[in-house]
Each structure stands twice: as C-alpha cells, then as structure tokens.
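A.B. asks: okay, here's the prediction I keep looking at, along with the sequence it came from:
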Amino acid sequence: MEKVFISRRIPNRAIETLKSAGLEVKVWGSAIPPTQEELAEHTALADALICMLSDNINKDFLLKNKHLKVITNYAVGFNNIDIGAATELGIPIGNTPDVLSEATADHAFTLMLAVARKILDSNRSIGEGKWKNWEPMGFLGQDLRGRTLGIVGMGRIGQEFSRLCHQAFGMKILYFSNTAKPEIDKKFGAKKVDFDELLAQSDVISVHTSLNEGTKGIFDKKAFRQMKKSAIFINTARGEIHQEADLIEALSAGEIWGAGLDVSNPEPMSSESPLLTLPNAIVTPHIASATIDTRANMAFIAAQNVIKGLKNEKLLGFVNPIVHTKV
Ligand code: DGY
C-alpha cells in the first residue's frame, strides 16, 4: 500500500479521498508544525507528501527525499518549494489553485473596507472607554465609490478582487502585471500600467502576485512615498513582497492612509509588532483562504494531486508539468 504523509491536520475530505483510493495516510497530529528533521523522518517512509506553505521544501530536503513520487502544497503559492530542484529530480509538484480565489478576494475586500472605515481602531476605542458621545468628527473614513484600484498581479485572485470592487463600487481598475489581460480590460475597463503609474494613481493598492525574485520587497520606502497620502495598501499574497519596516514607517508618518495585511514579513508576526497597535493597520494571521468550504476544496485538490501523481498522471494543480512531459 502506498503511503502519504500530511504535515498538518487538514479537512477530512483529503483523508477520505486518499483512503478511498486505497492509500495509507499518516497525518502530523500536533498543532506545532514538524521541525525540518521531523518532516524528513516522516517523509522518508512515505511515497507522497502533502505539505504546508510553512514547510521548507528546499534542495537539501528534496535531495534527501528524491524517492517521493509527488509533493503537493496545501496552498496555491509555492515559494516554499525549490521548484527548480524538484524538476531536476523529476518530482511532480502540485498546488491548489482556483478553489481559493473567491475566499481570498473576499478577504482582501474585507480588509479594504475595514481600513477605509477604521473598523478596528473605532472598535478598540470602545474597550478603552472612549465612547462618551456621538462624535460628529470621529473616525471619518473614506468612500470607495468611483475610486481607483491598483492591482499588482492580475491572476485569478486579482481578477476576482477587481470584479468585486468594480461591481460594488464602480472602481476604476489599473494593474501591474507581466501579461496584458485584454478580456479583463474589456470586462472592467481595466488598464495595464507600469509600477510607478500604479503607485501614483491608485487610491487602493492590492497585492495578488506570487512571491518571486521580481516581486520580493517591491513595496519599499520609495514605493510607499510614491503612493497617495490617502492610499490604502492591502497584501493578502506574501509578506516578503513588502518591506515591513518601511511599511511601519509609512503608516506611522502618515505617508499612506492605512494598510490591511493578511500576510507578514516574517511570518508569524511577532506579538510585539507595531502593526498591531498602529491605528491605521489591520492584520489577520494568513487566513484569507480560511473558509470551511474553501479549505475542504483545497484538501480535495491536494488529495487528487497525490492520487494522480502516484499514477504518473497530470496533477490538477501542476506547478512543474514539464516533469510529466519528460516521462
Ligand atoms: C495560498 O494558498 O498560497 C494562500 O496563501 C494560503 O491559502
């Protein structure tokens, strides 16, 4: 019987799917993730691995585990995996695209509204005993109707977020992306622009790109200074795309209006981070895809990736399909 190791507890849908395909499943049961050694120890006995975005699947790990017939992330992003090394070793790598686009876009939308309307700061003020009267000038937020949205990375999630903002508030859409998306331009009147124009023109900037050498740290001191003072920065993609110290400085100095983050740099965020007390920042702990249905669907795709990988078939979410065409 072929064996699958899952490095954290994930929805049962994965386990049921794998078991009904006749596979033996072992799940890391602790709420604390396995260390690199513990991960390697369990993977040594497995034919397939379902790993998390917090697992470091580097070259060294892959070399020690080249017996694996398939590895799939329980995530759409795969910056935690050395894809080049896996491809060289002929290991198919899977991910869980599409099924989390809506939940992630919904979360970005939630953060955008929460920052625009000072939801967290106004809520905190009640607990601090500051709600004494109705305040004619208290917690004045921003309207979003007709404002300009700047998307960094117009993939599936960026497109869904654009749709929400365009349909809810008639927002104008600008985007910075490697590829033009004529169908999106047509649908939402969107316009592809360069990074500097996106920074200068947008009222809300939302990051939906993958983390790679081209996007790492692009939101730095200089970028925040190029943004409008009234701009809202949203990042639900990867924390390393912004420079956290520069963001803290920009928020503290009022160089931008506010930020909504579902990801941080590093992760997990320290409980001492100023981002947790700044009045114009809202942070959630990387939960954008965390709905019951979405996580169950991600579990199903991950399980299908394993089943297909073990049969040497194309994965549903296939990061390095070249491995398959080589076979
Ligand atoms: C992903 O899938 O990459 C998200 O960041 C977590 O759901």
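C.D. replies: On my side now, so go ahead. Being a predicted model, the structure only gives us computed values, none of them experimental. Numbering: from 1, shown residues only.

A.B. asks: what sits against the residue of the stretch 151-300 of the chain at minimum distance from the ligand?
C.D. replies: Here the stretch 151-300 of the chain gets closest to the ligand at one residue, residue 289, 3.3 Å apart by Cβ to the nearest ligand atom. Quick note: C-beta positions are derived from backbone N, CA and C, even for glycine. Applying Cβ atoms under 8 Å, 6 or more residues apart in numbering, we find residue 289 in contact with 75, 76, 100, 103, 104, 107, 295, 298.

A.B. asks: now, the residues you listed that are in helices?
C.D. replies: If you go by DSSP state H, those have 103, 104, 107, 295, 298 in helices.

A.B. asks: for the stretch 201-327 of the chain, which residues score under the pLDDT cut-off?
C.D. replies: Applying pLDDT under 70 to the stretch 201-327 of the chain picks out residues 326-327.

A.B. asks: so where do the helices sit in it?
C.D. replies: Taking DSSP state H, counting those that start in this stretch as the test, the helices found in the stretch 201-327 of the chain are 221-226, 244-252, 292-310, 322-326.

A.B. asks: which of those helices sits closest to residue 179?
C.D. replies: Taking Cβ to Cβ, helix 322-326 is the member of those nearest to residue 179, at 19.6 Å.

A.B. asks: and that closest one, what does it pack onto?
C.D. replies: If you count contacts as 3 or more Cβ pairs under 8 Å, 6 or more residues apart in numbering; DSSP states H and E, helix 322-326 packs onto helix 83-89.

A.B. asks: show me what the next helix or strand along the chain from the helix it packs on is packed up against.
C.D. replies: Sequence-wise, the next helix or strand downstream of helix 83-89 (DSSP states H and E) is strand 93-94. Here strand 93-94 touches strand 70-73, helix 83-89, helix 292-310, going by 3+ Cβ pairs under 8 Å, 6+ apart.

A.B. asks: kindly compare burial across these and name the winner.
C.D. replies: strand 70-73 (a mean of 27; mean count of other Cβ atoms under 10 Å).

A.B. asks: with just CA atoms, put it into CSV.
C.D. replies: Extracted C-alpha coordinates of strand 70-73, given in CSV (Å, rounded to 0.1, in the frame of the first residue of the first chain):
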residue,chain,number,x,y,z
VAL,A,70,4.7,13.5,-5.8
ILE,A,71,4.7,16.5,-3.5
THR,A,72,1.7,18.9,-3.2
ASN,A,73,1.4,22.1,-1.3
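
A.B. asks: would it count as contacting the ligand?
C.D. replies: No - using Cβ under 6 Å from any ligand atom, strand 70-73 stays clear of the ligand, coming no nearer than 7.5 Å.
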